[in-house]
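*Asks:* Next come a sequence and a model predicted from it.
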Amino acid sequence: QVHVVESGGGLVQPGGSLRLSCLASGNIGRIISMGWYRQAPGKERELVATSTSTGSTNYAASVKGRFTISRDNAKNTVYLQMNSLRPEDTAVYSCNINSYGSDWSFLNSWGQGTQVTVSS
């Protein structure tokens, strides 16, 4: 089992910045990818950004150029730097970890999520 904990959410004014962090721990043999998803009230969960073990990244069109995903492999941690935030970025942001366990079983793990509210 992989334990995933997000932090860094909060209330910010439009145009402001926030940095989210996600720490993965537990039965981690090898991390395949780490990513951020978000779900706004009344909407489906959507991909925000992902980062693979090879270093490739992928962003939703709506956040490209404003958000940056990065990771510290030694700490099993992924970050999401969010700049130029807009009210439409308001959502619960959840971290997703795809990994192999110590027995090479595939694990797909989610955190509880952290609320990001962009409002004046």
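*Replies:* Yes, it's here. Numbering: from 1, shown residues only.

*Asks:* contacts and neighbour counts: CA atoms only from here.
*Replies:* Noted.

*Asks:* Cross-check the contact I'm expecting between Gly8 and Leu20.
*Replies:* Yes: here Gly8 reaches Leu20: they are 4.5 Å apart, a contact under C-alpha atoms under 8 Å.

*Asks:* Show me which of these two is the more surrounded one.
*Replies:* Under the criterion of other C-alpha atoms under 10 Å, the comparison of Gly8 against Leu20 puts Leu20 first, with 21 against 14.

*Asks:* give the contact list for the residue lying farthest from the centre of the chain.
*Replies:* The outermost residue of the chain, judged against the average C-alpha position, is Asp103 (25.4 Å), by C-alpha atoms, centre = their mean. By C-alpha atoms under 8 Å, 6 or more residues apart in numbering, Asp103 lies in contact with Gly29.

*Asks:* Any chance of the backbone angles for it?
*Replies:* phi -100, psi 10 (degrees, to the nearest 10).

*Asks:* who touches the residue nearest the centre of the chain in this structure?
*Replies:* Centroid-nearest residue in the chain: Trp36, 2.6 Å away (criterion: C-alpha atoms, centre = their mean). Residues counted as contacts of Trp36 (C-alpha under 8 Å, 6+ apart) are Leu47, Val48, Ala49, Thr50, Leu80, Tyr93, Ser94, Cys95, Asn96.

*Asks:* Sort out which of the residues you listed are in strands and list them.
*Replies:* Judged by DSSP state E, the subset of these located in strands is Leu47, Val48, Ala49, Thr50, Leu80, Tyr93, Ser94, Cys95, Asn96.
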